[in-house]
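Colleague: Predicted structure and sequence below. I'll ask about it afterward.
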Amino acid sequence: MRRKSWGFTLIELMMVVAIIGILAGVAFPAYKYQIRKGGRAAAEAQIMDIANRQQQYLLANRSYATKDQLTTNGYVMPTDVSKNYTWDVTLNSSGAPPTYTITFTPTSTGVMSGDGNLTLNSVGTKSSNW
């Protein structure tokens, strides 16, 4: 009389490994996309915050603030954004009215590398990466 064996056969284990591989192959790119999407949304929120601060500064001082003036007046870039982006404010005071452009550039080592710059100017024009 034959004893009934317990456990899985090699073919059953290989099928499970194959299924896990297929699921991981589909899930990982989707996960990376969602991470990039979240990082971009955080950066966009910070750009809008800086634009709001620029309008407040314009009302109080009749000119737009430089990056240094923004940080002196209390603006601090959140860590989750600063590890993925560098930022700058470019002013053009030669014309009437004065204008600014806020630019967020992805760092080369962060998860957003290769994502493209995010820009917003004083009239509300956004870059194509939004």
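Modeller: Here it is on my side, so go on.

Colleague: excluding its backbone neighbours, what's nearest V123?
Modeller: Distances taken as C-beta to C-beta, 6 or more residues apart in numbering put T99 closest to V123, at 7.3 Å, once the chain neighbours are dropped. Where you see a C-beta, it was placed from the backbone N, CA and C, and this is true even at glycine.

Colleague: which residues touch that neighbour?
Modeller: By C-beta atoms under 8 Å, 6 or more residues apart in numbering, the contact set of T99 is Y64, L91, N92, N121, S122, V123.

Colleague: Pull out the buried residues from those.
Modeller: Y64, L91, N121, S122 (16 or more other C-beta atoms under 10 Å).

Colleague: returning to what we had before: CSV for the contacts of T99, including distance to L23?
Modeller: Output for these, formatted as CSV (distance: C-beta to C-beta, whole Å):
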residue, distance to L23
Y64, 50
L91, 51
N92, 52
N121, 44
S122, 47
V123, 47
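
Colleague: ok so, going back, distance check, the residue nearest to V123 against Q34.
Modeller: 35 Å (C-beta to C-beta, to the nearest Å).
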